[in-house]
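Chemist: Kindly return the folded structure for what I paste below:
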Amino acid sequence: MDPVTVAALTAALTAAAGSAGGEAGKSAWTTLTSTTRRILGRSAPATTALDVVEDATDDPATLTSAATAAAEYLLAEARNNPDLATLLHAWYAEHAPPVQATVAQGSSSTTNVVSGTAHVTNLVQARDVSGDITFSG
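Modeler: Numbering: from 1, shown residues only. From the prediction side, this is the model:
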């Protein structure tokens, strides 16, 4: 199972909390918060941090800061709690925002979008390639 980073989980938490007004966002957020509360209890720092994220959706800067703190708490707790680790990995795999990169040159552009349950080891963002591209590892 690939590790989830603080930055990646922060992005997913921010997206889920920010879109909680819609049905899909509400479902994603409710799944995470209710299951986290069941596993850790209501007074755990990670649970409290999720509450702060939920309350911060009106201010983007506060939302990002709160989501980063929540991601740090969740991942720290998940290192010692296999149930939470399983939850976070499954939730992240299902609800992580797509990775999108666009390169523009003049009037043309190239866009790559990686989403869903894609497992990408190497990704090249390119417009014009002359010759080979090789990955070693």
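
Chemist: which residues of the chain score low on pLDDT?
Modeler: Along the chain, the parts satisfying pLDDT under 70 run over 1-2, 20-21, 98-104, 109-110, 112, 114-120, 127, 137.

Chemist: Where do the strands of it begin and end?
Modeler: Here the chain has its strands, by DSSP state E, at 99-105, 108-114.

Chemist: And L75, how far from T68?
Modeler: Distance, L75 to T68, by CB to CB, to the nearest Å: 11 Å. C-beta coordinates here come from the backbone N, C-alpha and C atoms, glycine included.

Chemist: And for A24?
Modeler: From A24 to T68 the distance is 23 Å (CB to CB).

Chemist: Which one of the two is surrounded by more residues?
Modeler: T68 (19 against 11; other CB atoms under 10 Å).

Chemist: so the more buried one touches A8, yeah?
Modeler: No. Judged on CB atoms under 8 Å, T68 makes no contact with A8 at a distance of 11.4 Å.

Chemist: ok, residues contacting stretch 74-86?
Modeler: Outside stretch 74-86, the residues that touch it by CB atoms under 8 Å, 6 or more residues apart in numbering are V4, V6, L9, T36, I39, L40, A44, P45, A46, A49, L50, L88.

Chemist: Tell me which two in the residues you listed are the farthest apart.
Modeler: V6 and I39 (19.4 Å; CB to CB).
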